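Asks: here is a sequence together with a model predicted from it:
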Amino acid sequence: MDTPIVDFVREYAKSGAVRLHMPGHKGSPLLGPEELDITELPGADILYSAKGIIKRSEENASRLFGSAMTLYSTEGSTLSIRAMLWLVRAECAGKGRAPVILAARNAHRSFLTGCMLLGIEAFWLYPESGGLHGSKISASSLKKALKELKPDAVYLTSPDYIGGMADIAEASRLCKAHGALLLVDNAHGGYLRFLEKSLHPLDLGADLVCDSAHKTLPVLTGGGYLHISGSSPGSVLERAEEAMAVFASTSPSYLILQSLDMANRLLDGGLPERIQKVCRLVGEAKKRLSDHGIAVCSDEPMKLCLMPKSYGYTGDDMSMLLAKKGIYCEFSDPDYLTLMPSGMTSPNEMERAVNQILLVERRQPILSQPPKAAPGERVLSCLEAMLLARKRVPISCAVGEVFAGIETSCPPAIPPVICGERITLGAARLLEYYGVTHCDVVDV
Ligand SMILES: Cc1ncc(COP(=O)(O)O)c(C=O)c1O
């Protein structure tokens, strides 16, 4: 597969051009990659009005992902999520009303801030499992909410941080039956397209999907995709570039664009095989660890997630022990530890990580469990709560107050409380459990 962006930039770097254009480093090797860091020069195309090398590269990505259109993001899934929301908003504007969006509560904060920017108040769907982690919304609760709220779009976040995966195929069937678009935050799942049998949300019937390419594919941090399926309305396809442009910087990183371009060649070559091999290694690791008595929980084929409390360690303890041995994990909290290999992880590295975990001495189980929180009670819109005067209070004094932050510093999962919601005793207990000592509340 060709790499038009990489080729163009390399040629330019070799040409000895006098760089009387941005960026100001002029190609001097201060960190190393500057000579390849260019701007939208003649011939370099324009992101979101793409007609040249960027368009050709995005078309390569679209073929690889089987989408009707794939657009690049140099600002991660955050940008693509905002664009997805804009597109739903634009669809509804044509019908003269604000959109109704039903979202699984494990949404990332980029969804929340996107809603704030667009004046959207989402309706939340909670997983039946309770607890903070959980991407599994039952078909019956989705069906009920679809009937009651008649949303324009359903927004699911899957996979989640601990490898939980929603039933996208079932959600898609239900959304289609109720005329709702299905949007999926697949930030953690770009690689799912390249398994022996694809589990990518686009292949399971989602209409709009974002992937953080940088999370699971060999792409520089910030690289992402917005994929639009052929099942989306034509107006969505027509407005997609504009939707990205509304929120994007006008100075896209060509280093990231080259990285996305190069990923196409790798994905068209041997990378899928490497991804599949690492998935097999993760499967073997899950078995070895669980045979050894360490509970594992991830449905995701390329994520290894441990629940080490029954082995005598919190996720954070286990993470620290591994870090001392030079093994750094993606995420930990009191209950979970997540290791994220990729197609670039060698069998030797996987083996080292698993062996180090197996060397950790078993201790008495830790019996504490996270408290359960009831669904939040909305008092103000998210945006109102964010803009009003606020004060910082200890969590012990926060019960009954209206939360005013964009995040609760809890694990990246179901937030116990979202800005504009009243802080319940259950939410306060959860925040304390996760080590949050203070929070911002509306100062009335
Ligand atoms: C589930 C989820 N969605 C969206 C995002 C935002 O992605 P990005 O950092 O690529 O903008 C993240 C980031 O961690 C995430 O975990």
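Replies: Yes, it's here. Numbering: from 1, shown residues only.
Asks: surely residue 256 touches residue 212?
Replies: No: using CB atoms under 8 Å, residue 256 is not in contact with residue 212; the gap is 11.7 Å. C-beta: built from backbone N, CA, C; applies to glycine.
Asks: shared neighbours of those two, anything?
Replies: Common neighbours of residue 256 and residue 212, using CB atoms under 8 Å, 6 or more residues apart in numbering, are residue 223.
Asks: and the closest residue to the ligand within the chain, how far from residue 211?
Replies: Taking CB to the nearest ligand atom, the ligand has its nearest neighbour within the chain at residue 76, 2.4 Å off. Residue 76 is 10 Å from residue 211, where distance means CB to CB, to the nearest Å.
Asks: shaky segments in this protein?
Replies: 129-135, 407-412 (pLDDT under 70).
Asks: name the residues of it found near the ligand, please.
Replies: 76, 77, 78, 108, 110, 157, 185, 187, 188, 212, 224, 412 (CB under 6 Å from any ligand atom).
Asks: now, which of the residues you listed sits nearest residue 65?
Replies: Within those, proximity to residue 65 (CB to CB) peaks at residue 224, which comes in at 12.3 Å.
Asks: who touches the closest one in this structure?
Replies: Residue 224 sits in contact with 72-77, 79-80, 187, 210-214, where contact means CB under 8 Å, 6+ apart.
Asks: next: residue 357.
Replies: 289, 294, 306, 318, 322.
Asks: list just the nearest of those to residue 42.
Replies: residue 322 (49.8 Å).
Asks: that closest one and residue 306, how far apart?
Replies: 10 Å.
Asks: got it, and residue 356?
Replies: 12 Å.
Asks: now do residue 77
Replies: Distance, residue 77 to residue 306, using CB to CB: 25 Å.
Asks: repeat that for residue 312.
Replies: For residue 312, the distance to residue 306 - CB to CB - is 12 Å.
Asks: when those two are compared, which one has more neighbours?
Replies: Legend: neighbour count by other CB atoms under 10 Å for residue 312 and residue 306, higher for residue 306 (28 against 17).
Asks: ok, what's across the strand from the nearest residue to the more buried one once chain neighbours are set aside?
Replies: Among residues not flanking residue 306 along the chain, residue 337 sits closest, at 4.6 Å (CB to CB, 6 or more residues apart in numbering). Assessed by DSSP bridges, residue 337 has beta-bridge partners residue 306, residue 332.
Asks: hang on, isn't residue 337 packed against residue 331?
Replies: Yes: in terms of CB under 8 Å, residue 337 counts as a neighbour of residue 331; the distance is 7.4 Å.
Asks: specify which residue of these two has the higher count of neighbours.
Replies: Taking other CB under 10 Å, residue 337 and residue 331 do not tie; residue 337 has more neighbours (27 against 18).
Asks: just the contacts of residue 224: which are in helices?
Replies: Of the positions in the contacts of residue 224, 76, 77, 79, 80, 213, 214 sit in helices, assigned by DSSP state H.
Asks: contacts only, for the first one.
Replies: Residue 76 makes contact with 110, 187, 212, 214, 221, 222, 223, 224, according to CB under 8 Å, 6+ apart.
Asks: OK, contacts around the residue nearest in space to the middle of the chain?
Replies: For the chain, the residue nearest the mean C-alpha position is residue 187 (2.9 Å; CA atoms, centre = their mean). Contact partners of residue 187, counting by CB under 8 Å, 6+ apart, are 76, 77, 108, 157, 210, 211, 212, 215, 224.
Asks: with adjacent residues omitted, what lies nearest to the last one?
Replies: So the one you mean is residue 224. residue 73 (3.8 Å).
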